[in-house]
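**Q** Give me coordinates for this.
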Amino acid sequence: MATDETDQPTDLTGPLHGTALEKSVLESLDTLERALDMKPLGDDRFRATNERDRFGRIFGGQLLAQALYAASRTVDDHAPHSLHAYFVQTGASDTPVDIAVDAVRDGRSMATRQVTITQGDRTLLTALASFHTNPTEPELDRPRSDPPPAPEEMPLLQHWVHRVPAELKSNAQNWIDVPPAVEMRIAEPTTFLGGRQTPEPRSHWMRLPRPIGGEQALHSAMLAYASDYLLLDMAMRNHPRRADYASIAAVSVDHSLWLHRPVRFDDWHLYIQDTVAVTGHRALIRGAIRDAAGRHVASTSQEVLIRPIAT
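**A** Numbers count the residues shown, from 1 in each chain. A predicted model of the protein is given here:
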């Protein structure tokens, strides 16, 4: 669904509510929820659909969410606290995926699950998920740095689409036509929307566009989904050489997520990202996710492959 001229913002900090874009974001969330409503096949095996096709392949964040949520369905009285996954091969969005969960350990306070997501004879993702019955105290309380602007004071990610260079418009428009299932607000355009390269960190606000109930495992899975956004772009932004999507092939290799406290992801969270290292064709990005009160909710890391397109 393309956005008409009336939906193009004159004020970059305009609302999502009441726009054609909101309807499309909500449609994306509907398809993501269906992808997490997986069909049990017995013996901790599941079959699931996919969210809306955005990149011509299954988005890695969807696989992370499905791996964590499927593993959570096989564990009693333990909350997820970490996920370590490898993206093995790409998958097709029009074909269901099969999810296999194997119990590695069931301890008194911790449990471990191995998850494999396949499509036919292709392995798309393999992961280990860990669960823990964790007390709420003690908790490290670090002084807050200067708070960023409130989310409503930042532009929607899609608002930057209307200002991209002409050569980026066709791909950029897809972020409006088939947007992520997450409302994201960011103070500058990403590199795929014509943003500049700089070595500095970057942050953006994110949340689900509507409530999804109170199930903690579902909120954790939705956070896992959203945690995959913009990390690869961060490596392009921080790259020491000129890096653009016309001359560079870039893919995510793996993804790690640590959950430090319960998540309510239909509330605002700030995602702070920076690049740790760039060596040859590999880059490592890390992230910290804080809730609106400034509490450290989760940490992430991801290694990506960035290399020139062969000519």
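
**Q** Pull the number of nearby residues for the spatially closest residue to N50 that is not a sequence neighbour.
**A** Using C-beta to C-beta, 6 or more residues apart in numbering and skipping residues adjacent in sequence, the residue nearest N50 is S93, 4.6 Å away. Heads up, the C-betas are built off the backbone N, CA and C, glycines and all. Counted with other C-beta atoms under 10 Å, residues neighbouring S93 total 19.

**Q** Need the pLDDT of S93.
**A** Note for S93: predicted pLDDT of 96.

**Q** do the same with the one 10 residues further on
**A** At A103 the predicted local distance difference test score is 97.

**Q** what's the answer for H17, then?
**A** Among the per-residue scores, H17 holds a pLDDT of 83.

**Q** For I176, what is the enclosing helix or strand?
**A** Per DSSP states H and E: I176 is located in helix 174-177.

**Q** count of neighbours near D76?
**A** Every residue meeting other C-beta under 10 Å relative to D76 is counted, giving 8.

**Q** just V88 next, same as before
**A** V88 has 17 nearby residues by other C-beta under 10 Å.

**Q** With adjacent residues omitted, what lies nearest to D254?
**A** Y86 (4.8 Å).

**Q** Neighbours of that neighbour, how many?
**A** 15.

**Q** what does the one 5 residues further on give?
**A** Taking other C-beta under 10 Å as the criterion, the count of residues near G91 is 25.

**Q** does T118 count as helix, strand or coil?
**A** strand (DSSP: H, G, I helix; E, B strand; the rest coil).

**Q** Which helix in this structure has the most residues?
**A** When the chain is parsed with DSSP state H, its longest helix is helix 20-36.

**Q** before we move on, back to that, tell me which element the residue nearest to D254 falls in.
**A** Y86 belongs to strand 79-87, assigned by DSSP H and E.

**Q** Neighbouring strands of the next helix or strand after that strand in the sheet, and parallel or not?
**A** Heading C-terminal from strand 79-87, the first helix or strand you meet, by DSSP H and E, is strand 97-106. Applying DSSP bridges, strand 97-106 is found paired with strand 45-48 (antiparallel), strand 110-119 (antiparallel).

**Q** Give me whichever of these is most buried.
**A** Stretch with highest mean neighbour count among the strands paired with strand 97-106: strand 110-119 (a mean of 20; mean count of other C-beta atoms under 10 Å).

**Q** Pull out the C-alpha coordinates of that strand and format them as PDB.
**A** Only the C-alpha atoms of strand 110-119 are listed here, as PDB (Å, rounded to 0.1, in the frame of the first residue of the first chain):
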ATOM      1  CA  MET A 110      18.100 -22.700  34.700                       C
ATOM      2  CA  ALA A 111      17.000 -24.400  31.500                       C
ATOM      3  CA  THR A 112      18.700 -24.500  28.100                       C
ATOM      4  CA  ARG A 113      17.100 -25.200  24.700                       C
ATOM      5  CA  GLN A 114      18.600 -25.700  21.200                       C
ATOM      6  CA  VAL A 115      16.400 -24.400  18.400                       C
ATOM      7  CA  THR A 116      16.700 -25.100  14.700                       C
ATOM      8  CA  ILE A 117      14.500 -23.400  12.100                       C
ATOM      9  CA  THR A 118      14.300 -25.000   8.600                       C
ATOM     10  CA  GLN A 119      12.500 -24.600   5.300                       C
END
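
**Q** helices and strands of this structure: which one bottoms out on pLDDT?
**A** In the chain, no helix or strand scores lower on mean pLDDT, DSSP states H and E than helix 169-172, which sits at a mean of 84.

**Q** follow-up on the earlier one: who are the packing partners of the strand holding Y86?
**A** helix 60-72, strand 122-132, helix 216-226, strand 254-259 (3 or more C-beta pairs under 8 Å, 6 or more residues apart in numbering; DSSP states H and E).

**Q** And those: which comes nearest A292?
**A** The minimum distance between A292 and the helices and strands packed on strand 79-87 falls on helix 216-226, with 14.1 Å, by C-beta to C-beta.

**Q** Show me where this structure dips below the pLDDT cut-off.
**A** Residue ranges of the chain with pLDDT under 70: 1-13, 143, 311.
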